[in-house]
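Chemist: below is the structure, and that's it, no one-letter string:
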């Protein structure tokens, strides 16, 4: 391997005209030694050298034009391509095919490629490598923040031509891709279009997986609106998670300053679907939501307003709202508000007495 690594160093930036001959000589040397593992080694050191050079776009294209045909020749001329495509081949052949496609060719793509390059790779992938190679490409694309159109194309390929893959895997990959929030990432709806038809349970899994990956709030809201059309009950149950997510710009959620739009949307969904308000942690709610919650027709929303006032110590600033809730027609709301009001009045009287003294 040391010889191959040293030989690969003859692939130098600025000497693209020499690259085809260097690679051809290395391939002939590997073939002359009569072992498939030597071809595997050449593919490895050449791909590693290609990545290590960190070439600009034009030079990178020239390198692809040399390295990719090497991979194709090894797969087509030295391995039993027909057997591999039928999930056959020897263990050694399957191992070499996996290394070339997953470990060497895929990383080259995410270091700068176009959709034509990815299509060329996908066309060579035997069925038994669909999942590992597809997953690897999408994961590498996310890590490298390369053009997400490539990762999107891979997801479409897995979901259509290789639909025999477990849909759970595709759902998780799609959720991960959307959750990046990259400007060029596919939209949530684009991923849904790749995966459909989805059952209600699969739809819930997609949105749940997305929320677990902490996407920007605007993406999470889009997903929940979509889920609400499938299952309003599940969308309502998941909605509180939105309140803990980062803003679109990546800022940490600030309950003091966040607008109440997500809370308003949750209340509207509950009312339209005749559902109870889910359990919402008071500290995750924006302060601006207090008057909205206090005016809601849902008793649980009005109780939440009292809880926010109490936990955020807003009794003084929300005095009028709290006083209104002490006369609420719902006994639970009324009792909670009266307890907090009594504490507020007591504190006010003690403060006044202390000031007079």
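Modeler: Looks like it arrived, so ask away. Predicted model, so just to flag it, every value in this text is computed and none were measured.

Chemist: next, name the residue at the spatial heart of this protein.
Modeler: residue 176 (2.2 Å; CA atoms, centre = their mean).

Chemist: how near is that residue to residue 110?
Modeler: 15 Å (CB to CB, to the nearest Å). Using the backbone N, CA and C atoms, a C-beta is placed for each residue, glycine as well.

Chemist: and what of residue 22?
Modeler: From residue 22 to residue 110 the distance is 24 Å (CB to CB).

Chemist: what of residue 68?
Modeler: Taking CB to CB, one finds residue 68 at 14 Å from residue 110.

Chemist: and what of residue 271?
Modeler: Residue 271 is 46 Å from residue 110, by CB to CB.

Chemist: same question, residue 283
Modeler: In terms of CB to CB, residue 283 sits 40 Å off from residue 110.

Chemist: which one of residue 22 and residue 110 has more residues nearby?
Modeler: residue 110 (23 against 19; other CB atoms under 10 Å).

Chemist: what about the closest residue to residue 80 other than its chain neighbours, how many residues close to it?
Modeler: What sits nearest to residue 80 in space, not counting adjacent residues and going by CB to CB, 6 or more residues apart in numbering, is residue 89, at 5.2 Å. Residue 89 has 20 neighbours, counted by other CB under 10 Å.

Chemist: quick revisit: need the three-state assignment for the residue nearest to the centre of the chain.
Modeler: helix (DSSP: H, G, I helix; E, B strand; the rest coil).

Chemist: now do it, the pLDDT please.
Modeler: pLDDT, residue 176: 85.

Chemist: who's in contact with it?
Modeler: 138, 139, 142, 209, 213 (CB atoms under 8 Å, 6 or more residues apart in numbering).

Chemist: which one in those is the model shakiest on?
Modeler: residue 142 (77).

Chemist: from memory that one sits against residue 151, does it?
Modeler: Yes - using CB atoms under 8 Å, residue 142 is in contact with residue 151, at 6.9 Å.

Chemist: need the overlap of contacts for these two.
Modeler: residue 177.

Chemist: between these two, which one's more packed in?
Modeler: The neighbour comparison of residue 142 against residue 151 (other CB under 10 Å) goes to residue 151, with 28 against 19.

Chemist: what about that one, which helix or strand?
Modeler: helix 148-160 (DSSP states H and E).

Chemist: off-centre distance for that helix?
Modeler: Averaged C-alpha coordinates place helix 148-160 at 14 Å from its chain's average position (CA atoms, centre = their mean, to the nearest Å).

Chemist: next: stretch 301-313.
Modeler: 33 Å.

Chemist: how about it: buried residues?
Modeler: 301, 302, 303, 304, 305, 306, 307, 308, 309, 310, 312 (16 or more other CB atoms under 10 Å).

Chemist: in TSV: those, plus secondary structure, pLDDT and distance to residue 171.
Modeler: Conversion of the buried residues of stretch 301-313 to TSV gives the following (DSSP: H, G, I helix; E, B strand; the rest coil; pLDDT from 0 to 100; distance: CB to CB, whole Å):
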residue	secondary structure	pLDDT	distance to residue 171
301	helix	95	32
302	helix	95	37
303	helix	95	36
304	helix	95	32
305	helix	94	37
306	helix	94	39
307	helix	93	35
308	helix	92	35
309	helix	90	40
310	helix	89	40
312	coil	82	38
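
Chemist: TSV please, covering those and showing distance to residue 6.
Modeler: Formatted as TSV, the buried residues of stretch 301-313 follow (distance: CB to CB, whole Å):
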residue	distance to residue 6
301	71
302	76
303	73
304	69
305	72
306	74
307	70
308	68
309	73
310	72
312	67
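
Chemist: pLDDT weak spots in the stretch 101-250 of the chain?
Modeler: 111-115, 145-149, 161-165, 181-185, 246-250 (pLDDT under 70).

Chemist: just the strands in the stretch 151-300 of the chain please.
Modeler: When assigned using DSSP state E, counting those that start in this stretch, the stretch 151-300 of the chain turns out to have no strands.

Chemist: ok so, going back, the residue nearest to residue 80 sits in which helix or strand?
Modeler: Residue 89 belongs to no helix or strand, assigned by DSSP H and E.

Chemist: show me what contacts it?
Modeler: Residue 89 touches 79, 80, 83, 97, counting by CB under 8 Å, 6+ apart.

Chemist: how about residue 171?
Modeler: Residue 171 touches 195, 202, 205, 206, 209, counting by CB under 8 Å, 6+ apart.

Chemist: with residue 169 as the reference, measure out to the residue nearest to the centre of the chain.
Modeler: According to CB to CB, residue 176 and residue 169 sit 11 Å apart.

Chemist: now swap in residue 270 and tell me
Modeler: From residue 270 to residue 169 the distance is 33 Å (CB to CB).

Chemist: many thanks, have a good one.
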